[in-house]
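# take this sequence and fold it.
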Amino acid sequence: MIGKLLAVTASGLMLAAALPKFNLTILLWIGLIPLLWALQGVQGRKAFILGYCHGLAQNLLMLYWIIYVTVIYGNLPLPVGIILLLLLAGYISIYCGLWALLYTWGESRGLAGT
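Predicted coordinates for the structure are as follows:
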């Protein structure tokens with residue numbers, strides 16, 4: 001399970017690095033491969049956790065600017081900005097977890113995957 005967690009984390013970081021701030025668009029071609037590999041043969045809660053970790057890694061890297069905005073423009077303390085980033089990234093990552101759960105559900109019924 002640790003190897004799969006590392007794979008989905010790497011997948012999330014690769015997809016986030018493909019966006020304009022880092023502009024490594026070549027990673028779009030390979031970014032989902034570790035996630036799809038990690039989801040093979042996994043069902044239920046484990047699939048959701050893997051998808052959630054993927055989304056969390058991706059969203060934490062994509063939404064780094066939330067800390068800057070809340071601290072500089074919102075005049076909030078830095079720990080509050082970090083907590084807000086974690087809450088927002090955690091909430092958005094639920095969607096990735098649900099996608100992974102539905103993907104594995106469909107894969108077990110012959111609707112997706114290999």
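# going forward, measure contacts between C-alpha atoms and count neighbours the same way
OK.
# what packs against the longest helix anywhere in the chain?
Ranked by residue count under DSSP state H, the longest helix found in the chain is helix 78-108. Helix 78-108 sits against helix 44-62, helix 65-68, with contacts defined as 3 or more C-alpha pairs under 8 Å, 6 or more residues apart in numbering; DSSP states H and E.
# nearest to Leu84, out of those helices?
Minimum separation from Leu84 across these (C-alpha to C-alpha) falls at helix 65-68, 7.6 Å.
# can you show me the CA trace of the closest one as CSV?
The C-alpha trace of helix 65-68 is given here as CSV (Å, rounded to 0.1, in the frame of the first residue of the first chain):
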residue,chain,number,x,y,z
TRP,A,65,-1.2,31.0,-3.5
ILE,A,66,-4.1,30.7,-1.0
ILE,A,67,-1.6,31.3,1.8
TYR,A,68,-0.3,34.4,0.2
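# now that helix: mean pLDDT?
Mean per-residue pLDDT for helix 65-68: 94.
# ok, residues contacting that helix?
By C-alpha atoms under 8 Å, 6 or more residues apart in numbering, the residues outside helix 65-68 that reach it are Leu78, Gly81, Ile82, Leu84, Leu85.
# about what we covered before: most packed of the helices and strands packed on helix 78-108?
Ranked by mean neighbour count, the helices and strands packed on helix 78-108 are led by helix 44-62 with a mean of 22 (mean count of other C-alpha atoms under 10 Å).
# now His54: how far from Pro77?
Note on His54: its distance to Pro77, by C-alpha to C-alpha, to the nearest Å, is 28 Å.
# where are the low-confidence patches of the protein?
Along the chain, the parts satisfying pLDDT under 70 run over 112-114.
# excluding chain neighbours, what is closest to the most centrally placed residue in it?
Residue closest to the mean C-alpha point of the chain, counted by C-alpha atoms, centre = their mean, is Gly55 at 1.6 Å. Excluding the flanking residues, the one nearest Gly55 by C-alpha to C-alpha, 6 or more residues apart in numbering is Ser93, at 4.4 Å.
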